[in-house]
Structures are given as C-alpha cells and as structure tokens.
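Novice: Give me coordinates for this.
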Amino acid sequence: KQSMIAQLNVIIAHLYKDGLDKFGGMNIYTREEAREKIVKGRATDKETFDFVESLLKENISKLPKKQSVNESETSMLKQGFGAALLAQLYFNAKPYIGQEMWAECAKICEDIIAGVYGPYQLGKQWNSAFKWDNYTCGEILGGIPSNETYSGTVGAHWPKWTHYNTNQY
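Specialist: I've put the predicted structure just below:
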C-alpha cells in the first residue's frame, strides 16, 4: 500500500512539474483540500517548486528499487524514475525559481549512475532504448504499462506506417 501511495504521489509531482514548466505556479491541492472542495488561488512558482520537491523527496525512498539491470520497466514506478524527476526539477531551477541548483542535479545523476536507486546502465547499442523489447533495456528509468506498450498500432501514426497486423508480433 505504501509503495502504491508513493507512486501516486510521484505521478502528482510529475504532473505539477509539467505544469510548472508550462504555466509557472499552479493551484496546489492536498487530498484534504480536494475532499473539502476548497477553492484556492494560484500558488507562486516557488511554492509550486517546493511542493514538487517535497513530494519527490518524501516518496522516492518509498518506491521499490530496481533489482537487476534487465528488469522489466513496465509494471511500476521505481526509485530511479523519481530521482530522475527530481534531477529535472533541479536542472531547471534557474528558470523556475531564479536559483541555480546544478550541484544538486549533478549529485542525483551521479547517484543514478552509481546504482544508489538500483542498477542502470547504457544499452548495448545506441538504439536499445527504442527497440521492440526496450522494456528490458538497462537505461530505461520508467515505463508506462498499457496495452499500447505491446501493440503500438492503435495510437498516433502507427497505423499509417505499419502493417495492419503488426500488433500480432
């Protein structure tokens, strides 16, 4: 249960980070405020940044750690994914909040490479992350489980580019 709640919190942080990237400060709601249907005004960029940072810092350690390099990345969010989000947040801190956080970003990236969040490594070939079996590629930090993960012919332009029976293979 704790891992599932942590995954949901990391997804919330991801959505708020994307909102911060596109719009700046966002209306920040906790579960209690949403349940009470409290209407809040827009938060500042700094408040939104701090909210995303706190969600990630509180929940990364509660996510499961990747156990092996070729472990499938399609079933749940793992620590490496949360850490990569935090690194992205710090990488963009200057435009978000006017404060450089390069050292914090670099530390997280070094920790990912060192295996602090589980074993990750570059794929055997330059295109390993884009191949049909990419969910076992050691450089994938997070995958999204869905039927389209395996069929790949329903969305976007795939039906126009591939044989109608591609999802069989």
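Novice: Residue 86 touches residue 53, doesn't it?
Specialist: Yes. Counting by CB atoms under 8 Å, residue 53 is a contact partner of residue 86 at 7.1 Å. The way it works is simple: take the backbone N, C-alpha and C, and place the C-beta from them, glycine included.
Novice: tally of neighbours for residue 14?
Specialist: Residues near residue 14, counting by other CB atoms under 10 Å, number 20.
Novice: now residue 129
Specialist: Residue 129 has 14 nearby residues by other CB under 10 Å.
Novice: where's it relative to residue 26, distance?
Specialist: Going from residue 129 to residue 26 by CB to CB, to the nearest Å gives 30 Å.
Novice: secondary structure class for residue 38?
Specialist: Residue 38 falls in the coil class when you classify it by DSSP: H, G, I helix; E, B strand; the rest coil.
Novice: which one is it nearest to, not counting chain neighbours?
Specialist: residue 29 (7.6 Å; CB to CB, 6 or more residues apart in numbering).
Novice: The one you found: how many residues sit nearby?
Specialist: 18.
Novice: so it touches residue 41, yeah?
Specialist: No. Using CB under 8 Å, residue 29 makes no contact with residue 41, being 11.5 Å away.
Novice: buried set for stretch 13-25?
Specialist: The neighbour-count check on stretch 13-25 (16 or more other CB atoms under 10 Å) flags 13-14, 16-17, 19-20, 25 as buried.
Novice: cool, and stretch 86-102?
Specialist: Residues of stretch 86-102 classed as buried by neighbour count (16+ other CB under 10 Å): 86-93, 96-97, 101.
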